[in-house]
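[1] missing the sequence, but the structure's below:
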């Protein structure tokens, strides 16, 4: 159980750092190009999508280590052990969709709980970030409509 907590928390911290750095770089670029802000917002959303994908792959790697190397639990159900199935399970957990066709056993359940919390936080953070950068444009556009 301690191994699962350790892996889960390390992956959580790494995900938060990756997310912060991605948001920081996007914010710098959007702030530099006021006249191309619209293009950078779209590019920023694409980069956030890729950032979420990297975090999903990171947790998938954690499940592989926990399952195959540390043997502290496994994934069962409609699961054949292919790498892409770890990624699929991680994406379902990160986004808290949780179809239930694959389920964790053993201490890996702890990692799944941590990933769900991290995914929820990172998705909310991305949404708040996007609204923060779109809000001035929406306000400006609504004033243009009043004229």
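    Yep, that arrived. Note that the coordinates shown come from a computational prediction; the quantities given were computed from them, not determined experimentally. Numbering: from 1, shown residues only.

[2] quick one: the residue positioned nearest the centre of the chain from residue 94, how far?
    Against the mean C-alpha coordinate of the chain, by CA atoms, centre = their mean, the closest residue is residue 52 at 3.4 Å. From residue 52 over to residue 94 the distance is 7 Å, taken as CB to CB, to the nearest Å. The C-beta positions use only the backbone N, C-alpha and C, and glycine is treated the same way.

[3] From the contact counts, what lies against the host helix or strand of residue 13?
    For residue 13, the element it lies in under DSSP states H and E is helix 2-32. Judged by 3 or more CB pairs under 8 Å, 6 or more residues apart in numbering; DSSP states H and E, the packing partners of helix 2-32 are helix 37-64, helix 108-146.

[4] got the buried residues for that helix?
    3-4, 7-8, 11-12, 14-15, 18-19, 22-23, 26, 29-30 (16 or more other CB atoms under 10 Å).

[5] can you name the two of the residues you listed that are farthest apart?
    Greatest spatial distance among the buried residues of helix 2-32 (CB to CB): 3 and 30, at 40.4 Å.

[6] How is residue 74 assigned, secondary-structure-wise?
    Here residue 74 is recorded as strand under DSSP: H, G, I helix; E, B strand; the rest coil.

[7] Any regions of the protein where pLDDT drops low?
    Confidence mapping of the chain against pLDDT under 70 gives the ranges 31, 33-37, 137-147.

[8] If we use 50, what do you get?
    For the chain, not a single residue meets the criterion pLDDT under 50.
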